[in-house]
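[1] sequence and predicted structure, then a few things I'm wondering about:
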Amino acid sequence: KQLVIPKDPSLPPEVFYWLPLIGSAIQYGNDPLKFFFQCREKYGDVFTFVLFGRKITVALGDKGNNFVLGGKHTSFSAKDAYTHLTTPVFGKGVVYDVPHEVFMGQKKMAKVGLSVDNLRSYVGMIEDEVEEFLGSDSNFLVSQENDNQDWGCFDVTEVMSQITILTASRTLQGKEVRECLDKSFSELYNDLDGGFTPLNFMFPNLPLDSYRRRDRAQQKMSQFYVEIITKRRRGNLSAERDMIAALMEQKYRDGSFMRDHEIAHLMIAILMAGQHTSSATSSWALLHVAHDQNIQKALYEEQVKYFGTGEGQFRSVTYDELRQLPIVNSVIRETLRMHPPLHSLIRKVCEDVPVPPTLSSPSGGGTYIVPKGHYALSSPSVSQMDPLVWLKPNDFDPSRWLDPNDTAAKAFCVYSDEMGDKVDYGFGAVSKGTDSPYQPFGAGRHRCIGEQFAYLQLGTIISIIIRKFKLQLEVDRVPDHNYHVSFFETLRFPPPTLLYYEDYDSGA
Ligand code: HEM
């Protein structure tokens with residue numbers, strides 16, 4: 001049984017541990033959600049645990065999310081929490097390697113690449129990529145030994161990972177990246193991705209081969225993007241409507257343009273930010289859809305209603321129509337409620353911060369201080385699965401998003417984004433602000449800029465797959481999360497995670 005270690009009463013209660021170096025790493029690493037729910041029962045919404053010698057203060061619930069994500073960046077720093085993990089992967093001069101204000105300027109510039117006009121132009125490209133990929137069984141068919149020989153079979157995580165990188169590179173990353181999406185680019189990507197492990201977070205500089213591969217890949221990838229930019233500047237390549245083009249045109253507040261290596265490194269950051277998140281979300285969505293034939297039928301009927309041209313034929317999706325589709329968007333919202341790709345959003349505490357009294361404390365309502373030097377952790381996953389907030393939180397039920405009286409629908413509204421601009425996100429899986437229980441894209445200044453793109457990408461991919469395939473789950477229930485590969489992510493569950501499919505066109 002875990003006990004509170006007696007100590008300074010002005011500090012949050014601390015989860016008991018035996019080994020100071022390891023602390024609660026095993027419980028947290030095995031199943032962070034279970035660990036957080038158990039701790040909440042014992043200590044309330046605010047408590048501290050030790051992770052390999054670091055003190056992490058967790059603040060749960062919508063008020064906890066608000067406390068951490070809505071806190072001042074001078075108190076809670078994302079830069080200081082993440083830079084040693086991200087800078088070797090993205091490169092210098094961007095994101096958490098630069099002062100907060102500079103990164104905010106870079107985010108603003110990147111948002112231009114995600115404008116509605118750009119998104120409109122991306123839909124057809126995503127559709128083409130998915131159709132081309134699915135057009136040939138050999139791209140994804142797994143040979144199978146099972147009783148269900150009439151059906152094909154594919155590894156959902158592998159396939160969604162490929163479709164995600166194909167569609168993101170064709171659109172945001174630009175045609176030069178798409179054209180080079182051969183083995184060498186994939187290898188570079190994999191080596192860079194190998195830089196995002198728990199080991200890298202805990203020990204940023206080890207003399208390991210994977211670290212050397214990460215650094216080599218970063219240099220090559222950076223060079224690759226710089227060459228594209230140089231060629232575009234010389235006018236040898238026509239400027240496209242993509243992120244590189246947007247970043248080349250934008251200026252910082254002081255009137256200066258982004259330098260080539262900064263654009264290159266921001267492109268790497270955007271590639272990495274959107275890859276696992278979107279591919280894990282589409283994987284989970286398809287697993288649930290394959291598991292629940294009623295949802296699958298509703299999705300198919302929605303496609304027929306909006307895009308059907310008779311006899312199993314469909315016309316192209318448009319951005320404006322996709323925004324309005326109730327079923328597919330509810331499926332995505334519900335997937336992100338149960339399986340937000342990032343379960344732990346972390347900040348370094350840069351000054352002592354008092355915890356507001358509204359955040360519960362079991363020891364009689366005293367006000368705690370989160371001391372400088374701790375890390376602060378917000379986990380929207382907990383509020384998104386909280387039985388005090390949601391009816392039957394463990395049920396995958398997209399219809400909760402269509403009931404105007406449900407908590408889900410109340411969390412779904414127009415809000416101010418991280419720059420303070422009023423934004424109608426349209427696809428709608430948005431939170432009211434930093435104190436919403438529903439925050440799969442985070443909140444506050446570090447809120448995701450990729451939400452609309454992700455909805456567009458996911459909605460188009462799911463639509464095309466549902467039109468083409470009837471899906472069935474290999475096992476009798478949707479698999480559990482596997483948290484072992486990464487500290488912060490709920491994704492990357494172990495293979496094989498197979499889905500059976502029957503192609504409506506060919507019968508198998
Ligand atoms: C930030 C989730 C896709 C770019 C975030 C954060 C979350 C998140 C939770 C906040 C991190 C924090 O506060 O520590 C997701 C999910 C996605 C997704 C669930 C897809 C389903 C994308 C895509 C892009 C992107 C496609 C690029 C186009 C970013 C950027 C930030 C961010 C630039 C800002 C980081 C910061 O300000 O510190 N995302 N993301 N994301 N995401 Fe996403």
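    Nice, thanks for sending it over. Residues are numbered from 1 along each chain as shown.
[2] name the residues of stretch 84-97 that are buried.
    85, 86, 87, 88, 89, 90, 91, 93, 94, 95, 96, 97 (16 or more other C-beta atoms under 10 Å). (C-beta placed from N, C-alpha, C; glycine too.)
[3] and those, which is the shakiest by pLDDT?
    Minimum pLDDT across these is recorded for residue 85, with 90.
[4] check the offset of stretch 499-508 from the chain's centre.
    Going by C-alpha atoms, centre = their mean, to the nearest Å, the spacing between the C-alpha centre of stretch 499-508 and its chain's C-alpha centre is 30 Å.
[5] ok, and what's touching the host helix or strand of residue 39?
    Assessed by DSSP states H and E, residue 39 sits inside helix 32-43. Residues outside helix 32-43 that contact it (C-beta atoms under 8 Å, 6 or more residues apart in numbering) are 2, 4, 12-13, 15, 24, 27-28, 47, 49, 58, 60, 343-344, 362, 379, 381-382, 385, 481, 483.
[6] turn the buried ones among those into a named PyMOL selection, would you?
    In PyMOL, this line selects whichever of those come out buried by 16+ other C-beta under 10 Å:
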select buried, resi 2+12+13+15+24+27+28+47+49+58+60+343+344+379+381+382+385+481+483
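[7] wait, residue 435 touches residue 65, no?
    Yes: Residue 435 is within contact range of residue 65, at 6.3 Å (criterion: C-beta atoms under 8 Å).
[8] and the helix holding residue 39, how far out from the chain middle?
    Here the centre of helix 32-43 is set off from its chain's centre by 23 Å, with C-alpha atoms, centre = their mean.
[9] in it, what's buried?
    32, 33, 35, 36, 39, 40, 43.
[10] pLDDT weak spots in the stretch 51-200 of the chain?
    The stretch 51-200 of the chain contains residues with pLDDT under 70 at 143-149, 183.
[11] all helices for it, in order.
    61-69, 78-90, 100-112, 116-134, 156-168, 175-179, 183-193, 198-202 (DSSP state H, counting those that start in this stretch).
[12] the inter-axis angle of the first one versus helix 78-90?
    For helix 61-69 against helix 78-90, the angle by axes from the mean of the first three to the mean of the last three C-alpha atoms, to 10 degrees is 70 degrees.
[13] which of the buried residues of helix 32-43 sits closest to residue 311?
    Nearest to residue 311 out of these is residue 33 (C-beta to C-beta; 45.8 Å).
[14] dump the helices of the stretch 51-200 of the chain into TSV; add distance to the ligand as well.
    Output for the helices of the stretch 51-200 of the chain, formatted as TSV (distance: least, C-beta to the nearest ligand atom, whole Å):
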stretch	distance to the ligand
helix 61-69	6
helix 78-90	5
helix 100-112	6
helix 116-134	11
helix 156-168	7
helix 175-179	13
helix 183-193	15
helix 198-202	13
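[15] ranking those helices by burial, who's on top?
    Mean neighbour count (mean count of other C-beta atoms under 10 Å) peaks for helix 61-69 among the helices of the stretch 51-200 of the chain, with a mean of 25.
[16] quick one: distance of that helix to the chain centre.
    Distance, centroid of helix 61-69 to centroid of chain: 19 Å (C-alpha atoms, centre = their mean).
[17] neighbouring contacts of that helix?
    With C-beta under 8 Å, 6+ apart as the test, helix 61-69 has contacts from 45-46, 58-59, 76, 345, 347, 355-356, 358-359, 376-378, 380, 382-383, 386, 389, 433-437, 439, 442-444, 446-447.
[18] got any ranges where the chain has weak pLDDT?
    The model of the chain has pLDDT under 70 over residues 1-7, 143-149, 183, 236-239, 360-366, 404-433, 485-497, 506-508.
[19] in what helix or strand does the residue of the stretch 201-350 of the chain at minimum distance from the ligand lie?
    At 2.8 Å from the ligand, residue 274 is the closest residue in the stretch 201-350 of the chain, using C-beta to the nearest ligand atom. In this structure, residue 274 is located in helix 260-291 according to DSSP H and E.
[20] who does the helix or strand just after that helix touch, helix- and strand-wise?
    Using DSSP H and E, the helix or strand that follows helix 260-291 in sequence is helix 293-307. For helix 293-307, the elements it packs on are helix 260-291, strand 313-314, helix 326-338, helix 451-468, judged by 3 or more C-beta pairs under 8 Å, 6 or more residues apart in numbering; DSSP states H and E.
[21] got these as TSV, with mean neighbour count and distance to residue 393 columns?
    Output for these, formatted as TSV (neighbours: other C-beta atoms under 10 Å; distance: least, C-beta to C-beta, whole Å):
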stretch	mean neighbour count	distance to residue 393
helix 260-291	24	14
strand 313-314	14	34
helix 326-338	24	8
helix 451-468	24	22
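[22] and residue 505, which of those is closest to it?
    Judging the helices and strands packed on helix 293-307 by C-beta to C-beta, what sits closest to residue 505 is helix 451-468, at 7.1 Å.
[23] partner strands of the next helix or strand after the closest one, with direction?
    Sequence order places strand 469-473 as the next helix or strand after helix 451-468, per DSSP H and E. Looking at strand 469-473 with DSSP bridges, its partner strands are strand 498-503 (antiparallel).
[24] what's the spacing between the partner strand and its chain's center?
    Using C-alpha atoms, centre = their mean, the offset of strand 498-503 from its chain centre is 25 Å.
[25] distance of residue 101 from residue 108?
    Note on residue 101: its distance to residue 108, by C-beta to C-beta, to the nearest Å, is 11 Å.
[26] mutual contacts of these two, please.
    Contacts common to residue 101 and residue 108, judged by C-beta under 8 Å, 6+ apart, are absent.
[27] re the thing from before, of the buried residues of helix 32-43, which is the nearest to residue 245?
    Relative to residue 245, the closest of the buried residues of helix 32-43 is residue 32; by C-beta to C-beta it sits at 39.1 Å.
[28] buried residues, stretch 196-214. List them.
    By 16+ other C-beta under 10 Å, the buried positions in stretch 196-214 come out as 196, 198, 200, 201, 202, 211, 213, 214.
[29] what's the farthest-apart pair in those residues?
    Spatially, the most separated pair among the buried residues of stretch 196-214 is 202 and 213, at 18.5 Å (C-beta to C-beta).
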